[in-house]
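[1] Here is a sequence together with a model predicted from it:
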There are 2 protein chains.
Amino acid sequence: MNPARRIRDEIAASIQSGEWRPGDRVPTEQELAARYGCARATVSKALGELAASGLVERRRKAGTFVAHPPVHSAVMTVPDLAELIAARGEAYRWDLASIAAEDSGEALCPGPALRIEGVHMAAGEAFALERRVIALGEVPAAAEADFAKEAPGTWLLGHIPWTQARHVIRALTPTRREAALLGIGTGAACLELDRTTWRAGRVVTHVRQLFRGDRFDLVAEFNAGP
Amino acid sequence: MNPARRIRDEIAASIQSGEWRPGDRVPTEQELAARYGCARATVSKALGELAASGLVERRRKAGTFVAHPPVHSAVMTVPDLAELIAARGEAYRWDLASIAAEDSGEALCPGPALRIEGVHMAAGEAFALERRVIALGEVPAAAEADFAKEAPGTWLLGHIPWTQARHVIRALTPTRREAALLGIGTGAACLELDRTTWRAGRVVTHVRQLFRGDRFDLVAEFNAGP
DNA sequence: TGCGCCATTATGTCTAGACATAATATGAGG
DNA sequence: CCTCATATTATGTCTAGACATAATGGCGCA
């Protein structure tokens, strides 16, 4: 086993088992180098990785300490709906309802925008409503895309690399019109996912998806360490 | 500026701006070392950090490549309710409804468990219902804690370091009893958060929180790069 | 007592070189 | 033309040492 990996994993185990508690001091790089019989740079790399993963905190002169766990954070995976539904073994279909060019994308983006509405279908039934705005200034190619054939989310995934995003998730009851489109009663709860996507500080797209509460749930996981 | 940091940031900028597209080949360590006038180890560190953050992918012999963006992942912060409500400027209170020891924590954990129910209050009104099971085998100290005074989530934060967790989020309509406790109608949508927490592979606690849909939403962010 | 400066010290970063490892590309042989 | 062994090559890891940096604790001075 690599010395660096071994040091990293042994220290991570000591922390996760609770043997070393938050705030505890981790031995200095020199001590660890002597204990494991390796160079200090090797220990430094191992501790650097632990610090990057948030398990320890390093302060010059003070030393390395077991970090205090984050309040609660978790990595949520928001799948592409086409993939999600296919993975369930159901037939996926995107039904475009309307598409229109606008001069200004509802104050989200300054320039011209494309406004798209449609329904994601799973096994012939409505799965989620989607309302999307695409900033044409950031994605000129979107003007040429055929959003009747391919869902805009799927198309964007293949055309816009490396963006930042912010998601807001909430529960609400649908309007009469939304309930009709989803094929549910107005009293049924829905999960709303609001996502704004940036690239280089400028909004690329904004999407609101409304899911049937009985058909969809989000999963988020948190695993400390490397 | 550090050479390592400079290399890292310049490459990250090239990727995020879209100049280098997913799948593109990044110059070899030797080329970069020559270009930036530093040792290969320095370049290696920079590329290693980019790989750790998911921006590039490295394959032996093949080289370093711009990674394909993840489908959609985001870091969700699940705040401690006491903190969340205090941050809103509202008075927080925890109302314990019932607490009972069980022989087996509803098949989640094999040993004895503590079952707790209560309500998180904000500004005098119900904010969220909580039903929790704590594995006494993993957290013996919980038997001594006063959960009438302090919410179990808050108590656990201070007593159980470094765990793994899995969250499931969904929208639903409350039962009559739940609606009454939350002070809302049975037709109002609620956000349900189901969290199971492990430590060293064993379940520590399981909690179900039911939020008023009109009072709470979750936020998740995704920022690529270091 | 209290304030501010300074030596100490642990981490942060870097170098130049070495060897390990794994995957690709190449060439030999069938 | 296909297959398998081999040489090449880019990354992976490590070393021993050097200097940088910043925070802490203590010392000296007011």
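    Right, received. Where do you want to start?
[2] Could you use CA atoms for every contact and neighbour count after this?
    Fine.
[3] can you give me the strands for chain A?
    With strands called from DSSP state E, chain A shows them at A:25-26, A:56-59, A:63-66, A:73-77, A:92-102, A:113-122, A:125-135, A:164-172, A:190-199, A:202-212, A:218-222.
[4] Now tell me which of these the model trusts least on average.
    Across the strands of chain A, strand A:73-77 has the smallest mean pLDDT, namely a mean of 80.
[5] Which other helices and strands does that strand contact?
    strand A:218-222, strand B:73-77, strand B:164-172 (3 or more Cα pairs under 8 Å, 6 or more residues apart in numbering or on different chains; DSSP states H and E).
[6] could you redo the last one with a cut-off of 6 Å?
    Packing partners of strand A:73-77 (3 or more Cα pairs under 6 Å, 6 or more residues apart in numbering or on different chains; DSSP states H and E): strand A:218-222, strand B:73-77.
[7] Please enumerate residues in contact with the first one?
    Just to be clear, that refers to strand A:218-222. A:Ala74, A:Val75, A:Met76, B:Gln164, B:Ala165, B:Arg166, B:His167, B:Val168, B:Ile169 (Cα atoms under 6 Å, 6 or more residues apart in numbering or on different chains).
[8] partners of it, with directions?
    strand A:73-77 (antiparallel), strand B:164-172 (antiparallel) (DSSP bridges).
[9] thinking in terms of the whole chain, how far from its middle is the shortest one?
    Translated: strand A:73-77. 7 Å (Cα atoms, centre = their mean, to the nearest Å).
[10] One more: the last one?
    Distance of strand B:164-172 from its chain centroid, counting by Cα atoms, centre = their mean, is 10 Å.
[11] Could you check the angle it makes with strand B:190-199?
    Computed by axes from the mean of the first three to the mean of the last three Cα atoms, to 10 degrees, the angle separating strand B:164-172 from strand B:190-199 equals 170 degrees.
[12] quick one: furthest residue from the center of chain A?
    Going by Cα atoms, centre = their mean, the residue of chain A most distant from its centre is A:Ala34, 41.5 Å out.
[13] Okay, it and A:Ala41: tell me how far apart.
    From A:Ala34 across to A:Ala41, the span is 12 Å (Cα to Cα, to the nearest Å).
[14] if we can go back for a sec, out of the strands of chain A, the one nearest B:Ala113 is which?
    strand A:218-222 (23.3 Å; Cα to Cα).
[15] Let me see the domain layout of chain A.
    Following automatic domain parsing, one finds the domains of chain A at A:3-66, A:75-221.
[16] Mind checking the ones you listed for the one nearest to B:Val139?
    Here domain A:3-66 is closest among the domains of chain A (Cα to Cα), at 11.6 Å.
[17] re the thing from before, got a markdown table for the contacts of strand A:218-222, with neighbour count too?
    A markdown table is the format used below for the contacts of strand A:218-222 (neighbours: other Cα atoms under 10 Å in any protein chain shown):
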| residue | neighbour count |
| --- | --- |
| A:Ala74 | 22 |
| A:Val75 | 20 |
| A:Met76 | 23 |
| B:Gln164 | 21 |
| B:Ala165 | 22 |
| B:Arg166 | 18 |
| B:His167 | 24 |
| B:Val168 | 16 |
| B:Ile169 | 23 |
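[18] just so I know, which of the strands of chain A lies nearest A:Glu19?
    Of these, nearest to A:Glu19 by Cα to Cα is strand A:63-66, at 10.7 Å.
[19] Parallel or antiparallel, which strands does the closest one pair with?
    With DSSP bridges as the test, strand A:63-66 is paired with strand A:25-26 (antiparallel), strand A:56-59 (antiparallel).
[20] And the furthest pair within the contacts of strand A:218-222?
    Greatest spacing in the contacts of strand A:218-222, by Cα to Cα: B:Gln164 and B:Ile169 (16.7 Å).
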